[in-house]
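Engineer: Please find the sequence and the predicted model below.
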Amino acid sequence: MTVIATESLSKRFPRVTALDRLSVDVGPGVTGLVGANGAGKSTLIKILLGLSPATEGRAQVLGLDVATEGGAIRERVGYMPEHDCLPPDVSATEFVVHMARMSGLPPAAARERTADTLRHVGLYEERYRPIGGYSTGMKQRVKLAQALVHDPQLVFLDEPTNGLDPVGRDEMLGLIRRIHTDFGISVLVTSHLLGELERTCDHVVVIDGGKLLRSSSTTDFTQTTTTLAIEVTDTDEHPDGTGALRDVLHARGIETHDGSGLPGAGHILLLTAEGEETYDLVRDVVADLGLGLVRMEQRRHHIAEVFKDSDDQRARDEQMTGDDQRKEAVGHGG
Amino acid sequence: MAVEHSLTQPGEQTRIHNIGYRNYDGPRLGRAYARRSLYSQSLRGAYGLGRSVKSKVLPMLLFVVMCVPALIMVAVAVATKAKDLPVDYTRYAIIMQAVIGLYVASQGPQSVSRDLRFKTVPLYFSRPIETVDYVRAKYAALASALFILTAAPLIVLYVGALLAKLDFADQTKGFGQGLVSVALLSLLFAGIGLVISAVTPRRGFGIAAVIAALTISYGAVSTVQAIAFDQSSTGAVPWLGLFSPITLIDGVQTAFLGATSAFPGGEGPSSGQGVVYLLVVLGLIAGCYGLLMRRYRKVGL
């Protein structure tokens, strides 16, 4: 089943190309939409809500065409905007009830769903107080509640962790995860912070300059290879423990690199673990050399590296084709 | 989080509130219902209902101020056994125009500037409703609120007139004409108030601009009318009345609704000029609606 499908979707403004022939399929679950500011994330959401016509191409949300069935889409979809959108002089309950009715829920159902939803997002007694006195975290919860109150099949969350402290961020990410696992609602969440999505999403779509860079599941992103970071002590016998370990591992045919550029570089040895036997080998070698093993930890590939890879890839492409126009299109954004 | 917390302690007695997520499979009433909901919420909001106590004070106060003179007139008419009410139904709104102006100036910006300022408008458009629904609901709500404000004292007058046993047919006709007049006035004032308020997200600017637009136009028109009347160019007086909202209403009701004009010397428009008045009023209402549509087409997400 496909929740969102776009087919060479383009959006051009007089001076800027916000989306450039974007074709992507998104299935159920939590999907991250990653891109730098101006990459076209918000433009894409606007088109998917049927609020802004695409210049060319087609898109479907929940099997409905965005160009002709915008109203039906918006009835089944929730939207949490990036910016502040809450009037300060009404209570959360009153506001969310109103938004539920704006989604077509009858008055009694709107009140019941509001109470339920506010509880699920973690707002209790404070929901009767005016929103003006809420903390940023509470406001984000109200914004999330209004997107969920009509029990949509899909929600668009635009930068939901913006402005939150680390604890609030973790809580919000946990909540986003539960929207799918507990509530059964598919999620499209945008962020420019990649680490967040790595933990929360099943699938990540990376766009830049309105173009699709990559679309694959997060496990593909992060678990194709495991990098091990190893740190050892120096001994009298081996004044440079790290160097000694590196030499032995090289002799055993294992490539290492010193992780230059990373914190603690020089003392840390990075190598690619092929499987269980690599761990055993490292342990044995360290023991034979009589070194102290300070750490041996998995370094997950960061989604950031995807960006780096594709940037490199693109740079190579451009060199080969010498296509200046393309560079220009990438430089701008929506 | 408390919900998760109670999940981890299934034995806890206070767990009854945790019933997990429930899906909604009841009816979804769609776009027309959403528009009606926005209308009723905005209408209630125009009298501060569903908002803080502070925001109830001004509209309620103005409502009372609007009705008290009618009550006094009725009391006087009943007590003195007068043959007619001291003021025509059609005249009442003209006399109380300052109160009506204040109400439009306070509630117009309240209705639309808040949504713009706090960026709630994009949230509405992420719902089934569209620009046209938003504009119609807001316009209808403010016009209805104004109609309630201007028709309530007329009802007081009418009930009082019947209690004073004044001529029923005569009073009913006057009351009916008064209602038509204030309905037109409500539409016109709501349109002007909303167009001005929708320009700025700042409520204070909106209030000042609406008051300025209403009082300056009226002040200028009545002054020039007075000068024209003094200079014995009485023919110019009715034409000058086309340039302020309240004199427009005065002109229309003088021409068509049996009212006595409040223009200098009672020089109201003839029925020929009255048609021009009516066309200008209707044109302004349509124009305000068109401008609002244009304004909100740009306020997307």
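Structural biologist: That came through fine.

Engineer: Any figure for the gap between A:Val16 and A:Ala54?
Structural biologist: For A:Val16, the distance to A:Ala54 equals 15 Å [CB to CB, to the nearest Å]. For glycine as for every other residue, the C-beta is placed from the backbone atoms N, C-alpha and C.

Engineer: Comparing those two, which residue is more hemmed in?
Structural biologist: A direct count of neighbours by other CB atoms under 10 Å in any protein chain shown for A:Val16 and A:Ala54 places A:Ala54 higher, at 24 against 16.

Engineer: how about that one, secondary structure?
Structural biologist: Classification of A:Ala54 using DSSP: H, G, I helix; E, B strand; the rest coil returns coil.

Engineer: Could you pull up phi and psi at it?
Structural biologist: Main-chain dihedrals, A:Ala54, degrees, to the nearest 10: phi -80, psi 150.

Engineer: Just the helices from chain A, written as ranges.
Structural biologist: A:41-48, A:70-76, A:92-102, A:107-120, A:136-148, A:166-181, A:194-200, A:218-223, A:241-251, A:276-289, A:303-321, A:324-331 (DSSP state H).

Engineer: ugh, wrong one, I meant chain B
Structural biologist: Counting by DSSP H, the helices of chain B are B:2-8, B:30-46, B:53-80, B:89-95, B:97-117, B:121-125, B:131-163, B:168-199, B:203-230, B:236-240, B:245-256, B:271-298.

Engineer: Establish whether the second one and chain A are in contact.
Structural biologist: Yes - residues of helix B:30-46 contacting chain A under CB under 8 Å from any CB of the partner chain: B:Gly30, B:Arg31, B:Tyr33, B:Ala34, B:Ser37, B:Leu38, B:Gln41.

Engineer: burial count for A:Val30?
Structural biologist: When counting by other CB under 10 Å, one arrives at 24 neighbours for A:Val30.

Engineer: wait, what's in contact with it?
Structural biologist: Residues counted as contacts of A:Val30 (CB atoms under 8 Å, 6 or more residues apart in numbering or on different chains) are A:Ile176, A:Arg177, A:Ile179, A:His180, A:Ser186, A:Val187, A:Val189, A:Thr200, A:Cys201, A:Asp202, A:His203.

Engineer: what's the farthest-apart pair in those?
Structural biologist: The largest distance within the contacts of A:Val30, taken as CB to CB, falls between A:Ile179 and A:His203 and amounts to 14.7 Å.

Engineer: and A:His203, how many neighbours does it have?
Structural biologist: 22.

Engineer: Once you drop chain neighbours, what's closest to A:Asp182?
Structural biologist: B:Tyr21 (5.3 Å; CB to CB, 6 or more residues apart in numbering or on different chains).

Engineer: again, but for B:Leu49
Structural biologist: Per CB to CB, 6+ apart, closest to B:Leu49 is B:Lys56, 7.2 Å.

Engineer: my guess is the one you found contacts B:Gly45, does it?
Structural biologist: No - using CB atoms under 8 Å as the test, B:Lys56 is too far from B:Gly45 to be in contact (10.2 Å).

Engineer: Of the two, give the one with the bigger neighbour count.
Structural biologist: The neighbour count for B:Lys56 versus B:Gly45, taken as other CB under 10 Å, is higher for B:Gly45 (22 against 14).

Engineer: ok, now which ones touch the closest residue to that one other than its chain neighbours?
Structural biologist: The spatially closest residue to B:Gly45, leaving aside those adjacent along the chain, is B:Arg51, at 5.9 Å (CB to CB, 6+ apart). For B:Arg51, the contact set (CB under 8 Å, 6+ apart) comprises A:Asp89, A:Val90, B:Gly45.
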